[in-house]
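Novice: Fold the following for me, if possible:
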Amino acid sequence: MGALSNIEVGSVVLTMIEDVPSDLSGIITTFVDNEVFFAEQLTGDNIGTSAIAERYQPAIISLTASAVVRMMEMTGADVSNIRLGDLSVSKGANSPATVTSAKLREDGIRKLENLGFVLNHFKALG
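Specialist: Next up, the predicted model:
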C-alpha cells in the first residue's frame, strides 16, 4: 500500500461512509489533518500529512471516520442509517451515529496505543 497523503486517506474514509454531505466531504483533508495532529500528540512521532506511513493509516482512518460521522450528526445530516463498508447501523435505542463514532474513535486510539508511546520523565528539583 505505501504511504498515503491526507487526500488519499480522506478518499478512503469517504468510500467507507455513505452519503457524506458535500460540505463535509469538501473539507475531508481538514478532518485528516486534525486526526494526524492528534496522533502526533499521542505518540510523540512526527507523522506529517503528505506521506502518512502505513503503520499509522489504520488509526488515522478510524479517527477520521469517527470525526466525520460525529460532524454529520452535529450538522443535522441524515444519520438515521449509517453504513461503514459492510457494517450498517440503523436507528435504535441510541443514536447510531453517536455509537458508531464512539466505537471508531476507541478503535483508532487503541490502534495508536498498540504502536507505543514516547514517555518523558522529568525529575523535580527539591
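Novice: from here on, contacts and neighbour counts on C-alpha atoms
Specialist: Noted.
Novice: Please enumerate the strands of this structure.
Specialist: Using DSSP state E, the strands of the chain run over residues 81-84, 87-90.
Novice: So, low pLDDT: which residues of the protein?
Specialist: Screening the chain residue by residue with the criterion pLDDT under 70, one finds the ranges 1, 77-98, 116-123, 126.
Novice: Next, work out how far apart the most centrally placed residue in the chain and residue 104 are.
Specialist: Relative to the mean C-alpha position of the chain, the nearest C-alpha, by Cα atoms, centre = their mean, is the one of residue 63, at 1.7 Å. Relative to residue 104, residue 63 is positioned 6 Å away (Cα to Cα, to the nearest Å).
Novice: What's the biggest helix in this protein, counting residues?
Specialist: helix 96-115 (DSSP state H).
Novice: Would you mind pulling up the elements that that helix packs against?
Specialist: Packed against helix 96-115, as judged by 3 or more Cα pairs under 8 Å, 6 or more residues apart in numbering; DSSP states H and E, are the following elements: helix 28-43, helix 57-74, strand 81-84, strand 87-90.
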